[in-house]
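**Q** Output the structure for:
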Amino acid sequence: MELLQSSNASTLIQLLRLAELDTLLADTGPYTLFAPTNEAMDELVKRLGGPQQMLEKMGKPNLVKLLLYHVMRGFTLEEDLRDDVLGRTLAGGRLRINQHRVASSSTSSSTSSSSGRRRLVTTVNGARLVSGPRLAENGALFSVSAVLAPPQPGVLAALNADPLGRFTVLLQTLRLAGLHDQLQHDEAGPVTLFAPTNAAFATVPERQLRRLLGDRRRLRRLLLGHLATGCLYSARLTDSGPVNTLAGSQVTVSGSPEHLTVDGISVLLPDISTENGVIHAIGGVIGRHRTSSETSSGASSGMSSDTSSETSSETSSETSSETSSETSSVTSSRALSGRAA
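**A** This is a model prediction of the structure:
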């Protein structure tokens, strides 16, 4: 607590006292605390009406869980922070540490080290490490650029839990393409998903969408073009160069962490953390125009030898009635989302 007091973390200290966690951090340990900057903490508290209102709206158990998600047992030093390392918190969830090198002119944490003209930047659940560690008798203190929210248990859980229901069409297409089970928490990860919203699917012409939904192989390849291996948070994407997707294609990421585009498509909401990856909500469907040209070219495309006869027999024998009903469901959801948008 003394380290927090000397770090001008007044808002976090106030919340720790309201949650009755100040004594825990002062008298026991050792612990490692990833403390949000006062600016990040103030932004959240202000949005909820103030510290006392935050406690009332969240309830004490949820506030305790949020705060303990920033605390790990033991001393953590800078050399302990390595790429894709997971650390168990006192809240039970895990923090994901990532490291990447950026051009020396890029904004980086004060704990970054130089190597030639590139610097090593460390993130915690995508939030930049601002400073640290500062050491005390009972632990270590790091400062991070954002409040760390406990993540959903997996990519699918996060899509399902979206409070605005923006990913219902994506979930249906993942199931139709046979990718739903592969993205379950205990089977996949870490992965990065560029997730088209319902409104993004609503921009795809209905005829093209129906043809795509009737061809599971092509649908699967389209969706794999939205997936990449590893947790690629926005801080990393801005300096990553082309990103290799699970479809074998590449996507180009441009802009800053606050204004990213993927193949020219706007990232609407970046860095949705999950236990097995990260989601970036996007405003379009990647590869949609390539799929359109493949569909219109029919047997003349390079796809024909690989999929045309095989897909037709598979579709008719294995999926005809199932696909038609699921296609109707997807297009109905898409039509509804289009009207809502």
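
**Q** okay, Asp263: pLDDT?
**A** Asp263 is assigned 94 on the pLDDT scale.

**Q** Quick one: classify the residue nearest to Val85 when sequence neighbours are not counted as helix, strand or coil.
**A** Distance criterion CB to CB, 6 or more residues apart in numbering; nearest residue to Val85, sequence neighbours excluded, is Ile97 at 4.4 Å. For every residue, glycine as well, the C-beta is placed using N, CA and C. For Ile97, the assignment made with DSSP: H, G, I helix; E, B strand; the rest coil gives strand.

**Q** Could you give the bridge partners of Ile97?
**A** Note on Ile97: beta-bridge partners by DSSP bridges are Val85, Val124.

**Q** Use 7 as the first number for this chain going forward.
**A** Understood, numbering begins at 7; the last thing we discussed is Ile103.

**Q** now stretch 253-272: how far from the chain's centre is it?
**A** 14 Å (CA atoms, centre = their mean, to the nearest Å).

**Q** mean confidence for stretch 69-83?
**A** For stretch 69-83, the mean per-residue pLDDT is 95.

**Q** same question, stretch 173-181
**A** For stretch 173-181, the mean confidence score works out to 95.

**Q** For that stretch, buried residues please.
**A** Along stretch 173-181, these residues count as buried under the neighbour rule (16 or more other CB atoms under 10 Å): Phe173, Thr174, Val175, Leu176, Leu177, Gln178, Thr179, Leu180.

**Q** Convert the C-alpha atoms of it to PDB, please.
**A** Written as PDB, here are the backbone C-alpha positions of stretch 173-181 (Å, rounded to 0.1, in the frame of the first residue of the first chain):
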ATOM      1  CA  PHE A 173     -22.200 -11.700 -33.100                       C
ATOM      2  CA  THR A 174     -25.200 -14.000 -33.600                       C
ATOM      3  CA  VAL A 175     -24.700 -14.400 -37.300                       C
ATOM      4  CA  LEU A 176     -21.000 -15.100 -36.900                       C
ATOM      5  CA  LEU A 177     -21.800 -17.800 -34.300                       C
ATOM      6  CA  GLN A 178     -24.200 -19.400 -36.700                       C
ATOM      7  CA  THR A 179     -21.700 -19.400 -39.600                       C
ATOM      8  CA  LEU A 180     -19.000 -20.800 -37.400                       C
ATOM      9  CA  ARG A 181     -21.300 -23.700 -36.400                       C
END
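
**Q** distance between it and the chain's centre?
**A** With CA atoms, centre = their mean, you get 17 Å for stretch 173-181.

**Q** again, but for stretch 153-166
**A** 8 Å.

**Q** circling back: now for the buried residues of stretch 173-181: which two are most distant?
**A** The most widely separated members of the buried residues of stretch 173-181 are Thr174 and Leu180, with 10.9 Å between them, by CB to CB.

**Q** Go ahead and confirm the residue nearest to Val91 touches Val127.
**A** No. Judged on CB atoms under 8 Å, Ile103 makes no contact with Val127 at a distance of 11.5 Å.

**Q** just the helices in the stretch 57-206 of the chain please.
**A** Here the stretch 57-206 of the chain has its helices, by DSSP state H, counting those that start in this stretch, at 57-64, 66-74, 161-167, 174-182, 204-207.

**Q** got a markdown table for those, with distance to Val153 too?
**A** Shown next, in a markdown table, are the helices of the stretch 57-206 of the chain (distance: least, CB to CB, whole Å):
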| stretch | distance to Val153 |
| --- | --- |
| helix 57-64 | 11 |
| helix 66-74 | 8 |
| helix 161-167 | 17 |
| helix 174-182 | 27 |
| helix 204-207 | 27 |
